[in-house]
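> I need the structure of the sequence given here:
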Amino acid sequence: MPYLLPHSSTINKKLALVLAFGNLSYLEACSVLSDRLSSSKQLWEDVAMLELKDARGGYENLAGVHKVAVSITPNPRARLDDIEELDDFLGGFDDGFNFSVSLYSPEGAGEAEYEEVLSTLLAAVREAGFRKANLVRPRNGTEVLTREIASRKIVDFVVLRLGEKYWLGATSYVPDSHPFQVRSNERPVVSSQISISSRLARLLLNLSGVRKGGVVLDPFCGSGTILAEAVTVGLSCIGVDRDRNRIENSRQNLEWLSKTLKTAAKPYTLKVGDSTRLEALMDGVQVDAVVTEPILLPKINSTPTLDKARKMIRNSSRLYSESLYSMAAVVRKGGRVVIVAPSLRTAEDRDVSVLLEDVGAAGLAPFQPVQVPFEYPVRISHENTRWVKRLVYVFERV
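Below you'll find the predicted structure:
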């Protein structure tokens, strides 16, 4: 695991998370760490602050973070030039280490502010006796990217501007994105249509709460991205799709993955079937969770008009509603349904979305990992798709 600081520096209960998918990443963090959370708050779209009941880590399972930073200053300070805790933190390093400064603020940090913060922390490092420490500047903007931090073993100081004060921490962990890239790009069948990345699929599985050895169903399995991530983390899975070609695509990708992981058995089952009739297809078998992205939209080559978008969403909504009832029927009580729905941005600059409401009749309730409830659907931030955006719902079987 790519931990970046001496162990003594990471024994800390206060964390800042730099989020890859905005609100959805915050939902994942609260879900995975819910039993250990003392408090949590999303400061703004891309940054959240957590306090844990213990310092056992556990955040290495999160797929939706760019960085996890441990606190150096327990509370925000008005000034960064007189922080005695910084001397204690630096005591674990030898002279000549690489370091950087990443600055985050709600409205985005300006160049002048960044240079001032950088100069202040550079002076503090020098005054602490580290004359040979090497400052690494960001290639662009006010943050150093995780791939550079990991490859160059950089001590990355994370500064959050909170009003007129600053919180100071240091990046203790960054996820290794390479395995996700391999599973997304090197599998035998890579879908040319809109499909989620392996990293996003892992996040959705984390939202399902299924532990190793559990069973996950994807009733719209396509080329098997969600199934592949389930197999990777030790889950059994069932893939269903009404298109035989897609089932064959999933089979090829999962066989490739099994050889890559050197698994002795096949922890997956693939079936051609109708997602609105899962009870008959499953023959009484219940699963621990359903995780799926139906999409169910025709190929879109240009920005749709409002009328066209409404028609496409109306057609999809009908199948979403019917299949949701079917999914709920095959999930055990307490299990979750994690489902991705589409939202279209129209030529009139309007959003038209598949909305899943009144789910109580299906025996489902919105999943809430913390006392302050999340509002569903949760929009995925920073997608590079042009017209189709993704919304995520998490329901619990009651």
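> what's the closest non-adjacent residue to Lys271?
Val240 (5.1 Å; CB to CB, 6 or more residues apart in numbering). In this view, the C-beta of every residue, glycine as well, is placed from N, C-alpha and C.
> Let me fix that, I meant to ask about Leu5.
Counting by CB to CB, 6+ apart, the residue nearest Leu5 is Ser172, at 4.9 Å.
> repeat for Lys389
Lys389's closest residue in space is Ser343 (CB to CB, 6+ apart), at 4.5 Å.
> circling back: check the secondary structure at the residue nearest to Lys271 for me.
Of the three states, Val240 takes strand under DSSP: H, G, I helix; E, B strand; the rest coil.
> does it really touch Gly273, like I thought?
Yes - with contact defined as CB atoms under 8 Å, Val240 counts as touching Gly273 (4.9 Å).
> contact partners of stretch 346-365?
303-306, 308-310, 313, 316-317, 320-321, 324-325, 328-329, 337, 339, 341-345, 366, 376-377, 389, 391, 393, 395-398 (CB atoms under 8 Å, 6 or more residues apart in numbering).
> for the longest helix seen in the chain, packing partners?
Longest helix of the chain, by residue count under DSSP state H: helix 306-330. With contacts taken as 3 or more CB pairs under 8 Å, 6 or more residues apart in numbering; DSSP states H and E, helix 306-330 sits against helix 278-282, strand 287-292, strand 331-345, strand 351-353.
> got the angle for the second one vs helix 306-330?
Read it as strand 287-292. Going by axes from the mean of the first three to the mean of the last three CA atoms, to 10 degrees, strand 287-292 is angled at 170 degrees with respect to helix 306-330.
> likewise the third one?
Interaxial angle of strand 331-345 relative to helix 306-330 (the same axes, to 10 degrees): 170 degrees.
> Send me strand 331-345 as CSV with only the CA atoms.
What follows is strand 331-345 as a C-alpha-only set of coordinates in CSV (Å, rounded to 0.1, in the frame of the first residue of the first chain):
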residue,chain,number,x,y,z
VAL,A,331,-31.9,-8.9,-2.1
ARG,A,332,-31.9,-10.1,1.5
LYS,A,333,-33.2,-7.9,4.3
GLY,A,334,-30.6,-5.3,5.2
GLY,A,335,-28.9,-5.7,1.8
ARG,A,336,-28.5,-2.7,-0.5
VAL,A,337,-29.3,-1.8,-4.1
VAL,A,338,-26.7,0.5,-5.6
ILE,A,339,-27.9,1.8,-9.0
VAL,A,340,-26.6,4.4,-11.4
ALA,A,341,-29.2,6.4,-13.4
PRO,A,342,-28.6,8.7,-16.3
SER,A,343,-29.2,12.5,-16.5
LEU,A,344,-29.1,14.3,-19.9
ARG,A,345,-28.0,17.9,-20.3
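> Pretty sure Phe157 sits in a helix.
No - under three-state DSSP, Phe157 falls outside any helix and is assigned strand.
> ok, now how distant is it from Ile149?
As defined by CB to CB, to the nearest Å, Phe157 lies at a distance of 11 Å from Ile149.
> Between the two, point out the one with more neighbours.
Comparing Phe157 with Ile149 by other CB atoms under 10 Å, the one with more neighbours is Phe157, at 26 against 23.
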